[in-house]
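[1] here you go, sequence then predicted model.
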Amino acid sequence: MPIDTDELEPVKKRIEPLNLDPLSIAELEAYIAQLNGEIERARAKIAAKKAHRDAASSVFGTRKP
C-alpha cells in the first residue's frame, strides 16, 4: 500500500497580521523592533543550516540545491 506523503508534510503556520490601528507610534516602533529581531533570528538560523548543509555536502559529496 503506498504511503500518502501529504500526511508527512508539516503544516505551515501563517503569521496572522496584527491590527495596527489601535497602536501608538511608540508601540508601532516597538513592534518593528520586535519584528526586526525575529528577522535577524531567522537569518541566523538560515546561515547555520546552510553551514551545516555545506559541511555535510563536503563530507558526503552531495550536491547543493
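    Looks like it arrived, so ask away. In this text, all values refer to a predicted model and were calculated from it rather than measured experimentally.
[2] going by C-alpha atoms from here, please, whenever you check contacts or count neighbours.
    OK.
[3] tell me the gap between stretch 17-30 and the middle of its chain.
    Distance of stretch 17-30 from the chain centroid (Cα atoms, centre = their mean, to the nearest Å) equals 23 Å.
[4] what's the span of it from first residue to last?
    Distance between the two ends of stretch 17-30: 16 Å, counting by Cα to Cα, to the nearest Å.
[5] mind listing the helices for the chain?
    According to DSSP state H, the chain carries its helices in the segments 25-60.
[6] number of nearby residues for A30?
    12 (other Cα atoms under 10 Å).
[7] I should have written D54 there, sorry.
    Neighbourhood size, D54 [other Cα under 10 Å]: 16.
[8] check the one 5 residues further on too.
    Around V59 there are 9 other residues, counting by other Cα under 10 Å.
[9] need the contact list for it.
    By Cα atoms under 8 Å, 6 or more residues apart in numbering, no residues touch V59.
[10] same question, K50
    By Cα under 8 Å, 6+ apart, K50 lies in contact with nothing.
[11] going forward, count from 2.
    Sounds good: first residue 2 from here, last item K51.
[12] so how far is N37 from it?
    21 Å.
[13] one more: I26?
    16 Å.
[14] repeat that for I16.
    I16 is 15 Å from N37, by Cα to Cα.
[15] can you give me the pLDDT of R64?
    On the pLDDT scale, R64 is placed at 62.
[16] how about low-confidence regions in this protein?
    2-9, 63-66 (pLDDT under 70).
[17] quick test: name the residue nearest the centre of it.
    A43 (5.1 Å; Cα atoms, centre = their mean).
[18] how about the contacts made by I16?
    By Cα under 8 Å, 6+ apart, I16 lies in contact with nothing.
[19] distance of it relative to L36?
    Taken as Cα to Cα, the span from I16 to L36 is 12 Å.
[20] with A45 instead?
    According to Cα to Cα, A45 and L36 sit 14 Å apart.
[21] for A56, same thing?
    A56 sits 30 Å away from L36, going by Cα to Cα.
[22] one more: I47?
    The gap separating I47 from L36 is 16 Å, by Cα to Cα.
[23] please apply the same query to A52.
    Counting by Cα to Cα - A52 and L36 are separated by 24 Å.
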